[in-house]
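Novice: no sequence on hand, only this structure:
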């Protein structure tokens, strides 16, 4: 999907329902904490506004978080997202791995946030999926969804990996991907390559499937 196609696709998927899915998914993908667990009743109530295809996967995650001791959740979260390469919550990692090119991609995220008037926090990298989802839900839906679409292959690898593991965190990825256009052509090829090879280890990106910082207009470029 090229830049123009991403822009058009993002416009087509923006809705109140999409924003709600992104907002709730951002919360559920955060590191487990007492404050997150306290919000679960409100999340559960908000799910009633969603259709079953999006409500049910998220409800699965809410149920697990609400019925599992916090200590177990913390261990499982780290084991899932920090120790498995195909389960990274950092979107540019799938395209660039730990290469210097990833630093350039991170700048693109920061530029999108800055153009929309949002200051990226220092406690997380700007490509952290909950941050991107929160941005799309509450600040700039167009720019946020374009970022998600630019990293569509990585999102799909993450979704499939979590489903394969039967992870309780698969729900948000199922729901988020359901808000986006289906994979097609080169994107599907990129997913298969990532599943087989994993994120790159050296100075090789997955062009044109990676998020090229020069190919995605920031919100500022549209205003």
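Specialist: On my side now, so go ahead. It should be emphasised that the depicted structure is a prediction, and the values quoted were computed from it without experimental measurement. Numbers count the residues shown, from 1 in each chain.
Novice: tell me the first helix or strand C-terminal of the helix or strand of the chain with the lowest mean pLDDT.
Specialist: Across the helices and strands of the chain, mean confidence by mean pLDDT, DSSP states H and E is lowest for helix 3-13: a mean of 71. Going down the chain from helix 3-13, the next helix or strand is helix 16-28, by DSSP states H and E.
Novice: what's the next secondary structure element after that following helix?
Specialist: Using DSSP H and E, the helix or strand that follows helix 16-28 towards the C-terminus is helix 34-46.
Novice: for the record, mean pLDDT for that following helix?
Specialist: The predicted model assigns helix 34-46 a mean pLDDT of 97.
Novice: do the same with stretch 200-216
Specialist: Rounded to a whole number, the mean pLDDT of stretch 200-216 is 45.
Novice: now stretch 57-71
Specialist: Computed over stretch 57-71, the mean pLDDT rounds to 98.
Novice: swap in stretch 166-186?
Specialist: Throughout stretch 166-186, pLDDT has a mean value of 92.
Novice: figure out how far it is from the centre of its chain.
Specialist: On the basis of Cα atoms, centre = their mean, to the nearest Å, the separation between the geometric centre of stretch 166-186 and that of its chain is 9 Å.
Novice: give me the buried positions along that stretch.
Specialist: Along stretch 166-186, these residues count as buried under the neighbour rule (16 or more other Cβ atoms under 10 Å): 167-177, 179-181, 183. In short, each C-beta sits where N, CA and C put it, glycine included.
Novice: same question, stretch 185-195
Specialist: Of all the residues in stretch 185-195, those buried under the rule 16+ other Cβ under 10 Å are 187, 190-191, 194.
Novice: between those, which is closest to residue 127?
Specialist: Within the buried residues of stretch 185-195, distances to residue 127 taken as Cβ to Cβ reach their minimum at residue 194, with 15.7 Å.
Novice: grab the nearest non-local neighbour of the closest one.
Specialist: Once flanking residues are discounted, residue 194 sits nearest to residue 157: 4.7 Å by Cβ to Cβ, 6 or more residues apart in numbering.
Novice: just the element for that neighbour, please.
Specialist: In this structure, residue 157 sits in helix 152-164 according to DSSP H and E.
Novice: help me confirm that residue 180 comes into contact with residue 147.
Specialist: No - judged on Cβ atoms under 8 Å, residue 180 makes no contact with residue 147 at a distance of 11.3 Å.
Novice: end to end, how far does stretch 140-159 reach?
Specialist: From its first residue to its last, stretch 140-159 covers 24 Å (Cα to Cα, to the nearest Å).
Novice: what about it, distance to the chain center?
Specialist: The gap between where stretch 140-159 is centred and where its chain is centred comes out at 6 Å by Cα atoms, centre = their mean.
Novice: so that it lines up with my notes, have the first residue be 39 from now on.
Specialist: Sure thing, new numbering starts at 39, so read that last one as stretch 178-197.
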